[in-house]
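**Q** Need coordinates for the below:
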Amino acid sequence: MRRAFSKPLPAFSRMQLKGIVAAMLEKAGDLEVAMNDDKLREQLALLPESALVALLSDDRLAVAAESTVVAVALQWAKQRGQPTVPDAIANCIRLKHLEPGFAAGIAHFFPQWTQRVLSLVFAGRSSPAAWQSVRGMYNAPRLLGDANERARPGSAVVAANFKCVLLLRDLAAVFEHSIRHRSFDMRHALEGGAHYGGFVWLAFVAVHPAAGTSAQAGSFTVAVGVAQEVYGAPKCVGGYIDLAITVTCAGNGNCDALCEHTRGGMSVGDAFAVTGFFGFSLHAWDSKQFARWADGAGNLNFEVEVEMQ
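**A** Okay, the predicted model is just below:
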């Protein structure tokens, strides 16, 4: 999902900047689509500050959530080794439309987002009248007075959809490590993932004691889960996300697909997992139990869909 970027592009003249922004809007006018394209995501990270500001300020830029704009800003700053996001870029983020818990969790990357600013933003979100009242306060922070309050166009991307693969030998290694060390917090990340709503969404497997048993009972199940992080700020965010998640393990000629649906939520930085995804428990590793779902190369193939509510 990640790669090393080249050096940032140099600054441009006003005419060049206008052309670059027009071209970027044509290619990356839907920011969710752009973040899932390696080349476009790199181009966003390499834009000069003035070009990124112009792009993120444009009312035509489509997103699934304002947190995607935050993710782009964090990626840009991280690529340059900057500990915080420059004010000019931070001013492009439409705080009125940013989920409060998310904003609070990454506020340390945005020096302008003081406790007072965020408190006023959250108070103003309760209604249009409250927002105008907050902005009209005689001592309101300039950041709020100058803020663009327009809602951005919605993205064509309405969920994170991605495929991932698990080798049975990797699952065997996780199982044996967990049993040997009686450690059940080990997660093996599956190859594949997607950017959506400001998060990088990933799938993983883990081994847990079977439901209703302890590790001493010696009966274990395989859990398949979904986790998320904010690009450039892993484990540095807060908040709560309402989700609809579907995880499917493709079947083969000998077995139907396994599919789990859930609606609920998770804290940002947390994970959702289906314990006992395959419907059986093991006392010792046995690859034959999974062969029913494995392809000819000995892989388990998953499809994941995550929709933020």
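**Q** centroid residue for the chain?
**A** Nearest to the mean C-alpha position of the chain, by CA atoms, centre = their mean, lies Phe199 at 1.4 Å.
**Q** how much space is there between Ala210 and Glu191?
**A** Using CB to CB, to the nearest Å, Ala210 is found at 27 Å from Glu191. C-beta: built from backbone N, CA, C; applies to glycine.
**Q** These two: which is more packed in?
**A** Neighbours were counted for Ala210 and for Glu191 using other CB atoms under 10 Å; Ala210 has more, 18 against 13.
**Q** Return the residues in contact with that one.
**A** Ala217, Ser219, Phe220, Thr221, Gly276, Ser281 (CB atoms under 8 Å, 6 or more residues apart in numbering).
**Q** Now do the contacts for the last one.
**A** Taking CB under 8 Å, 6+ apart as the definition of contact, the neighbours of Ser281 are Ala210, Ser219, Phe220, Thr221.
**Q** Name the nearest residue to the last one, sequence neighbours excluded.
**A** So the one you mean is Thr221. Of all residues not flanking Thr221 in the chain, Gly276 sits nearest, at 4.1 Å (CB to CB, 6 or more residues apart in numbering).
**Q** With the second one instead?
**A** Of all residues beyond its chain neighbours, the one nearest Ser219 is Ala210 (4.1 Å), with distances taken as CB to CB, 6+ apart.
**Q** and the residue nearest to the centre of the chain, how far is that from Leu120?
**A** Plainly put, Phe199 is 26 Å away from Leu120 if you go by CB to CB.
**Q** go on, Ser178?
**A** For Ser178, the distance to Leu120 equals 48 Å [CB to CB].
**Q** Then Pro83?
**A** Pro83 sits 25 Å away from Leu120 when distances are taken as CB to CB.
**Q** ok, now Val85?
**A** Val85 is 20 Å from Leu120, by CB to CB.
**Q** what does Leu258 give?
**A** Distance, Leu258 to Leu120, by CB to CB: 48 Å.
**Q** neighbour-wise, which of these two wins?
**A** Taking other CB under 10 Å, Leu258 and Leu120 do not tie; Leu120 has more neighbours (22 against 19).
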